[in-house]
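[1] Provided below for reference: sequence and predicted model.
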Amino acid sequence: MPSMNNFVVEWERFIMKVKVLAFFPAKRIDDSKNVRHEELSFLIQRIFEDCKEGLMAGSETFTTIIEWAFVELLKHPKVMKKAQDLDDVVGHQRIVDEKDVPQLKYLQAIVKETFHLHPPVPTLIPHENFESCEVGGYHVSAKSMILVNLWDIHRNPCAYENPLDFNPERFVGSVIDVKGNDFQLLPFGSGRRICPALSLGLIMVQIYLARLLHSFAWKLPREENIEELDMSEKSSLTTPKAIPLQVIPNARLPFHLYVTSQHI
Ligand code: HEM
């Protein structure tokens, strides 16, 4: 029987496993079938092979934002505790469902705050202007490659008070959203080339984060000091953590909610 307690996992491998549980909450596995992690990995591989095209664009952005959300939550235990107050909405006898998300206001604020500090695509995808133009007094020749420095916009003190603090409260009750209308928060871009999967991406992040927080208590391996947790980013189109986060999940719910049985 796989134990969910006290095993250290390399983050991305774990998140792939949890993704399957999150994707297929209705498919439960009978405890007696004793499905092992290797079998689960095989199923995941098959599922991801099958729908590779649809998921490729979204998988790296998604894992990046979930990883940074966890880093910030581990660094801010009070926020983590408050986030797990979603117990009040969901209880302990089922996992979080998509229909719960609109009620999870604090979780939504955490997601926005993580997008604010750690936009997964920090310069957006390169854009090109057909015609020359003036922007903020600068001449931009036609056919320039334009990179929007979202990372800097999101950290601009003109847009946010104490912009570098991880403070989900700033978005509680705020009308600022991530849908491309509020230029101080543009994790999915804006305008004609905005991420076409914005709604899907947003709900994926909200629901997986909610499920991970509700289903597990999290801590760092060994006695690793949270203050010393490396915060550097790997530089590419997305900005995952340079050193992948390692965490120890401890089950918070009844065991039968963690396993899936029939072959998917
Ligand atoms: C957390 C999740 C996601 C984030 C933060 C995100 C972010 C972005 C950003 C910033 C862009 C570029 C927008 C611009 O340059 O103005 C983009 C483009 C794109 N995204 Fe997403 N994305 C996410 C999930 C997804 C998912 C799940 C899919 C597909 C299933 C997807 C498919 C695409 C595609 C196809 C483009 C290119 C659109 C174009 O060039 O016109 N994204 N995304």
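    Noted; the coordinates are in hand. Numbers count the residues shown, from 1 in each chain.

[2] A strand includes Ser236, no?
    No: using DSSP: H, G, I helix; E, B strand; the rest coil, the secondary structure at Ser236 is coil, not a strand.

[3] now it: phi and psi?
    Backbone torsions for Ser236, taken as degrees, to the nearest 10, come to phi -160, psi -160.

[4] residues near it, how many?
    Other residues within reach of Ser236, judged by other C-beta atoms under 10 Å, total 9. All C-beta spots, glycine's among them, are computed from the backbone N, C-alpha and C.

[5] and the gap between it and Ser174?
    Applying C-beta to C-beta, to the nearest Å, the value for Ser236 to Ser174 is 30 Å.

[6] kindly list the main-chain dihedrals of the nearest residue to Lys112 once chain neighbours are set aside?
    What sits nearest to Lys112 in space, not counting adjacent residues and going by C-beta to C-beta, 6 or more residues apart in numbering, is Phe171, at 4.3 Å. Phe171 has phi and psi values of phi -100, psi 0 when expressed as degrees, to the nearest 10.

[7] I'd say Phe171 and Thr114 touch.
    No: if you go by C-beta atoms under 8 Å, Phe171 and Thr114 don't touch, sitting 10.3 Å apart.

[8] of these two, who's got more company?
    Thr114 (26 against 22).

[9] just give the nearest non-adjacent residue to Glu233, would you?
    The nearest residue in space to Glu233 (C-beta to C-beta, 6+ apart) is Thr239, at 4.1 Å.

[10] and His116, by the same measure?
    His116 sits nearest to His154 (C-beta to C-beta, 6+ apart), 5.1 Å away.

[11] what residues does the one you found make contact with?
    His154 makes contact with His116, Leu117, Pro119, Tyr160, Pro163, Gln184, Leu185, according to C-beta atoms under 8 Å, 6 or more residues apart in numbering.

[12] next up, the contacts around the second one.
    Translated: Leu117. Trp68, Glu72, His154, Arg155, Leu164, Phe166.

[13] can you give me the pLDDT of it?
    pLDDT, Leu117: 97.

[14] about what we covered before: buried only: go through the contacts of His154 for me.
    Listed as buried from the contacts of His154 are His116, Leu117, Pro119, Tyr160, Pro163, Leu185; burial here means 16 or more other C-beta atoms under 10 Å.

[15] just the pLDDT for Val135.
    pLDDT, Val135: 89.

[16] give me the number of residues near it?
    9.

[17] repeat that for Ile95.
    Neighbours of Ile95 under the rule other C-beta under 10 Å: 18.

[18] ok, it to the ligand distance?
    21 Å (C-beta to the nearest ligand atom, to the nearest Å).

[19] okay, and that residue sits in which element?
    Assigned by DSSP states H and E, Ile95 falls within no helix or strand.

[20] I figured it was touching Arg211, is that so?
    Yes: using C-beta under 8 Å, Ile95 is in contact with Arg211, at 5.7 Å.

[21] take the contacts of His154 and keep only those in strands.
    Counting by DSSP state E, no part of the contacts of His154 is found in strands.

[22] how about a markdown table for the residues you listed, with distance to the ligand added?
    Listed next are the contacts of His154 as a markdown table, based on distance: C-beta to the nearest ligand atom, whole Å:
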| residue | distance to the ligand |
| --- | --- |
| His116 | 12 |
| Leu117 | 13 |
| Pro119 | 7 |
| Tyr160 | 19 |
| Pro163 | 19 |
| Gln184 | 15 |
| Leu185 | 11 |
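
[23] before we move on, back to that, tell me which of the contacts of Leu117 is nearest to the ligand?
    Nearest to the ligand among the contacts of Leu117 is Trp68, at 10.9 Å by C-beta to the nearest ligand atom.
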